[in-house]
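Visitor: next input, structure requested:
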Amino acid sequence: MKPLHWIATLALCCWALPTLAHEAVVAPAAKPVAGTHDAQTYFTDTQLLDQDGQPVRFYSDVLKNRVVLLNVIFTHCNDACPLITRKLKEVRDALGEPLASQVFFISLTSDPQNDSPSVLKAFARKQGVDTANWLFLTGEQAKMDLVLGRLGHLIPSPEQHSTQLIVGDVANKRWSKIRPDAPAAAIAQRLQLLTMPVAGR
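Guide: Model (predicted):
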């Protein structure tokens, strides 16, 4: 099975990625569990904490049967992370209600040693995204490394995380990677397509 079977790039937006202070080449992803086609086994049900300090299981509570947009941040970033977070707020606004209520935004920290739930909560409030269906996740370093590794984000330091966005319809195994400088409307359109029923299912 090819690496990142569950995150096969179905569509990749082609806008040029701007130079970002902590953009780097992503290290190879952790090898998927050999032979598995089970999303829970692949993504793992690792227990993390949300911005309210509530324990959540990564697959069962965060991903299962949802349309999701995932990105990686760290809160003391002064350039790309707040910019991309504000871009994602534009995406959510572009979706409009009730479509926005069908999509879950999931921001995972690359710096769990500094990004406690309360720190993530403060970041979300500062960026104006302390809202329904938006989770900011942290946890023990080993747990975050495992989860981020399955998403193709194994990194040597918090600053070297990728800024690519991952969008997916988990139930139907439809995934795309999108550059964060894509227009908000284009990202919203991709999410809208993922909320549509799959023909024949």
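Visitor: for the most centrally placed residue in the chain, give its distance to residue 177.
Guide: The centre of the chain sits closest to residue 70, judged by Cα atoms, centre = their mean, with a distance of 1.2 Å. Counting by Cβ to Cβ, to the nearest Å, the gap from residue 70 to residue 177 is 10 Å. In this view, the C-beta of every residue, glycine as well, is placed from N, C-alpha and C.
Visitor: joint contacts of the two?
Guide: Between them, residue 70 and residue 177 have 165-167 as joint contacts when contacts are counted by Cβ atoms under 8 Å, 6 or more residues apart in numbering.
Visitor: could you dump these to a markdown table with pLDDT?
Guide: Below are the shared contacts of residue 70 and residue 177 laid out as a markdown table (pLDDT from 0 to 100):
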| residue | pLDDT |
| --- | --- |
| 165 | 96 |
| 166 | 95 |
| 167 | 97 |
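Visitor: derive a PyMOL selection command for the buried subset of these.
Guide: What follows is the PyMOL syntax for the buried subset of the shared contacts of residue 70 and residue 177, where burial is set by 16 or more other Cβ atoms under 10 Å:
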select buried, resi 165+166+167
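Visitor: just checking, which of the shared contacts of residue 70 and residue 177 belong to strands?
Guide: Judged by DSSP state E, the shared contacts of residue 70 and residue 177 include 165-167 as members of strands.
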